[in-house]
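Engineer: I would like the atomic coordinates for the input below:
(one chain, ligands or ions: 1)
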Amino acid sequence: MRSWSGGFSRWDVHTREVLHFDVLVVGAGPAGSATAIHLARAGASVLLADRARFPRDKPCGGGVTGRALRQVPCDIMPVVERVVHHFELRLRHRRSFRRTSAEPLIVMTQRRRLDAYLAEQAADAGATFRDGTRVEHVEIGPDGVSATVGGESVTADILVGADGANGIVAKAAGLDEGILRGVALEGNIPWSLLDEERYASTAVIEIGAPSGGYGWLFPKGDHANLGVGGWAEEGPNLREHLARLARAYDVDPDAIIELRGHRLPMRRVGASTPASSRVVLVGDAAGLVDPLSGDGMYEAFVSARLAAGAIVAGDPTCYPTALARDLDSHARASWAAKRALDRHPAVCFWAARSPGVFGVVGGLLRGDIGHPDEAKGLARPPLRLIARVARRA
Ligand SMILES: Cc1cc2nc3c(=O)[nH]c(=O)nc-3n(C[C@H](O)[C@H](O)[C@H](O)COP(=O)(O)OP(=O)(O)OC[C@H]3O[C@@H](n4cnc5c(N)ncnc54)[C@H](O)[C@@H]3O)c2cc1C
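Structural biologist: All right, here's what the predicted structure looks like:
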């Protein structure tokens with residue numbers, strides 16, 4: 001491992017008044033814990049701090065796509081509750097179609113379980129994990145960073161902002177430009193109110209509303225997760241969108257429990273800067289939510305791997321280029337598809353239903369295909385149509 005000034009220093013609480021780490025990671029969501037795992041495995045001293053007491057929940061559908069699963073730095077099957085093989089697309093609560101994949105498309109977990117598990121894996125790898133520990137008063141200098149961590153002064157060579165959509169690091173580092181924010185609202189319905197057999201291994205996506213997003217039903221161990229997300233302006237309407245979605249399953253909206261909302265930070269490709277010489281942003285803190293799907297865990301794990309690689313190589317400033325190489329072309333395709341979906345959901349529904357297209361959608365979800373442009377045969381004309389609609393939108 002290369003260093004900045006003669007090697008990574010070790011935290012020694014007995015000989016230092018101010019605690020020092022090679023890397024301070026703020027936030028123990030998927031992005032922070034994955035970064036800490038990679039760094040600790042590479043031999044860095046890492047403090048992973050989260051203001052919440054774990055296990056804690058995070059508003060999320062808890063769907064880890066196959067392509068995200070390939071990026072997780074450890075086996076998460078111990079916290080997987082369902083494996084999804086079926087995909088159902090619905091248009092405005094009326095028309096629908098269903099497709100099946102022999103290989104798993106998505107695995108379903110609950111964030112309170114996944115995040116506690118990943119933080120535990122980071123600690124097992126050698127990181128110091130502190131929950132219930134807020135990071136404040138971040139100061140970034142040319143030679144390192146300092147912060148108050150749970151009331152104590154801490155210094156570090158590098159600061160990783162993994163503090164999510166409402167974090168403090170991006171702002172403190174002046175790296176918070178170029179990010180748009182959507183919103184999403186989700187809650188749970190016990191299986192006693194739904195047909196568990198029908199939905200147990202199915203992810204349902206409902207398009208046509210809200211604008212800038214969609215609704216979903218994801219199966220979990222003892223309940224289904226129901227949610228809606230869209231442009232920030234849809235915020236005040238999300239409860240009504242969710243109620244309409246619940247009624248489409250003959251469920252009384254009042255039966256939805258554990259209702260929670262959160263922001264979806266989506267960067268404009270090329271308009272945001274996720275690193276400086278001492279600070280690196282990963283996951284939602286870098287605005288990496290996919291604009292079409294609203295997923296962010298794939299991007300959280302990819303950015304964690306790339307950020308840790310750049311830190312270990314001794315040059316955090318090479319991280320933005322690596323991130324752009326791995327994420328930009330997919331993000332551009334997602335923005336284009338989102339424009340098409342927003343303006344012409346019925347055309348997109350028709351295109352998605354066309355022969356061959358599920359082969360591409362399934363391939364993208366599983367991670368077998370990296371970009372829709374890789375589509376071949378029958379899938380090409382409907383996907384070209386979506387691209388044309390997007391250009392006009
Ligand atoms: C309703 C909804 C549904 C979603 N569904 C899916 C889905 O099914 N699949 C998917 O892939 N993505 C989904 N996403 C997106 C996904 O949840 C995020 O992209 C993902 O959580 C990003 O992980 P992260 O580690 O970057 O941030 P987070 O998971 O938000 O973690 C940030 C952490 O930082 C901590 N923190 C913040 N400030 C401080 C501070 N000052 N000091 C210490 N700690 C701090 C917080 O407590 C938190 O634990 C969904 C999002 C929403 C809103």
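Engineer: give me the mean pLDDT for stretch 329-340.
Structural biologist: Mean pLDDT, computed over stretch 329-340, is 95.
Engineer: enumerate the residues of the chain near the ligand.
Structural biologist: Residues of the chain lying near the ligand by CB under 6 Å from any ligand atom: 26-32, 49-52, 58-63, 68, 134-135, 162-164, 167-168, 184, 186, 227, 229, 262, 264, 283-285, 289, 294-297, 300. All C-beta spots, glycine's among them, are computed from the backbone N, C-alpha and C.
Engineer: in helices, which of the residues you listed appear?
Structural biologist: 30-32, 68, 297, 300 (DSSP state H).
Engineer: quick one: the helices in the stretch 151-300 of the chain?
Structural biologist: Taking DSSP state H, counting those that start in this stretch, the helices of the stretch 151-300 of the chain run over residues 169-172, 196-199, 238-248, 297-312.
Engineer: which of the ones you listed is buried the deepest?
Structural biologist: Ranked by mean neighbour count, the helices of the stretch 151-300 of the chain are led by helix 297-312 with a mean of 26 (mean count of other CB atoms under 10 Å).
Engineer: the inter-axis angle of the helix or strand that it is followed by versus helix 297-312?
Structural biologist: Note on helix 297-312: by DSSP states H and E, the next helix or strand toward the C-terminus is helix 319-343. Counting by axes from the mean of the first three to the mean of the last three CA atoms, to 10 degrees, helix 319-343 points 170 degrees away from the direction of helix 297-312.
Engineer: got a list of what the spatially most central residue of the chain touches?
Structural biologist: In the chain, the centroid-proximal residue (CA atoms, centre = their mean) is residue 296; its distance is 1.8 Å. By CB atoms under 8 Å, 6 or more residues apart in numbering, residue 296 lies in contact with 264, 283-284, 288-290.
Engineer: dump these into CSV; add neighbour count as well.
Structural biologist: Formatted as CSV, these follow (neighbours: other CB atoms under 10 Å):
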residue, neighbour count
264, 25
283, 32
284, 32
288, 27
289, 30
290, 21
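Engineer: what would those look like in JSON lines with distance to residue 201 and pLDDT?
Structural biologist: Below are the contacts of residue 296 laid out as JSON lines (distance: CB to CB, whole Å; pLDDT from 0 to 100):
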{"residue": "264", "distance to residue 201": "26", "pLDDT": "98"}
{"residue": "283", "distance to residue 201": "28", "pLDDT": "98"}
{"residue": "284", "distance to residue 201": "28", "pLDDT": "98"}
{"residue": "288", "distance to residue 201": "28", "pLDDT": "98"}
{"residue": "289", "distance to residue 201": "25", "pLDDT": "98"}
{"residue": "290", "distance to residue 201": "23", "pLDDT": "97"}
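Engineer: which residues of the stretch 51-200 of the chain fall in strands?
Structural biologist: 63-65, 82-84, 86-91, 95-100, 106-108, 128-130, 135-140, 145-149, 152-161, 179-190 (DSSP state E, counting those that start in this stretch).
Engineer: mean pLDDT, distance to residue 313 and mean neighbour count for these - can I get that in CSV?
Structural biologist: Shown next, in CSV, are the strands of the stretch 51-200 of the chain (pLDDT from 0 to 100; distance: least, CB to CB, whole Å; neighbours: other CB atoms under 10 Å):
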stretch, mean pLDDT, distance to residue 313, mean neighbour count
strand 63-65, 98, 28, 24
strand 82-84, 98, 36, 20
strand 86-91, 98, 39, 19
strand 95-100, 97, 42, 14
strand 106-108, 98, 31, 23
strand 128-130, 98, 23, 20
strand 135-140, 98, 20, 17
strand 145-149, 98, 19, 20
strand 152-161, 98, 12, 23
strand 179-190, 97, 26, 21
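Engineer: closest to residue 103 out of the contacts of residue 296?
Structural biologist: Proximity of these to residue 103 (CB to CB) peaks at residue 290, which lies at 20.7 Å.
Engineer: what's the farthest-apart pair in the ones in helices among the residues of the chain next to the ligand?
Structural biologist: Greatest spacing in those, by CB to CB: 32 and 68 (15.7 Å).
Engineer: neighbour-wise, which of the two wins?
Structural biologist: A side-by-side neighbour count of residue 32 and residue 68, using other CB atoms under 10 Å, places residue 32 first with 32 against 23.
Engineer: so what's that one up against?
Structural biologist: 25-26, 48, 50, 160, 162-163, 282-283, 304.
Engineer: with residue 261 instead?
Structural biologist: 59, 183-186, 235, 238.
Engineer: residue in the stretch 251-393 of the chain nearest to the ligand?
Structural biologist: residue 296 (1.8 Å; CB to the nearest ligand atom).
Engineer: what stretches of this protein score poorly on pLDDT?
Structural biologist: Applying pLDDT under 70 to the chain flags the ranges 1-17.
Engineer: domain ranges for it, per the record?
Structural biologist: Using automatic domain parsing, the domain ranges for the chain come out as 19-56+111-178+267-328, 80-105+180-265, 332-392.
Engineer: in TSV: the ones you listed, plus distance to residue 74.
Structural biologist: Shown next, in TSV, are these (distance: least, CB to CB, whole Å):
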stretch	distance to residue 74
domain 19-56+111-178+267-328	5
domain 80-105+180-265	13
domain 332-392	17
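Engineer: can you tell me which of the ones you listed is most buried?
Structural biologist: When the domains of the chain are scored by mean count of other CB under 10 Å, the highest mean neighbour count falls to domain 19-56+111-178+267-328 (a mean of 22).
Engineer: from what I see, residue 297 and residue 67 are in contact.
Structural biologist: No. Counting by CB atoms under 8 Å, residue 297 does not reach residue 67; the two are 9.9 Å apart.
Engineer: tell me if residue 358 really is in a helix.
Structural biologist: Yes. Residue 358 sits within a helix when classified using DSSP: H, G, I helix; E, B strand; the rest coil.
Engineer: closest one of the contacts of residue 32 to the ligand?
Structural biologist: Distances from the ligand to the contacts of residue 32, taken by CB to the nearest ligand atom, are shortest for residue 283, at 2.2 Å.
Engineer: from residue 66, how far out is the closest one?
Structural biologist: Counting by CB to CB, to the nearest Å, the gap from residue 283 to residue 66 is 19 Å.
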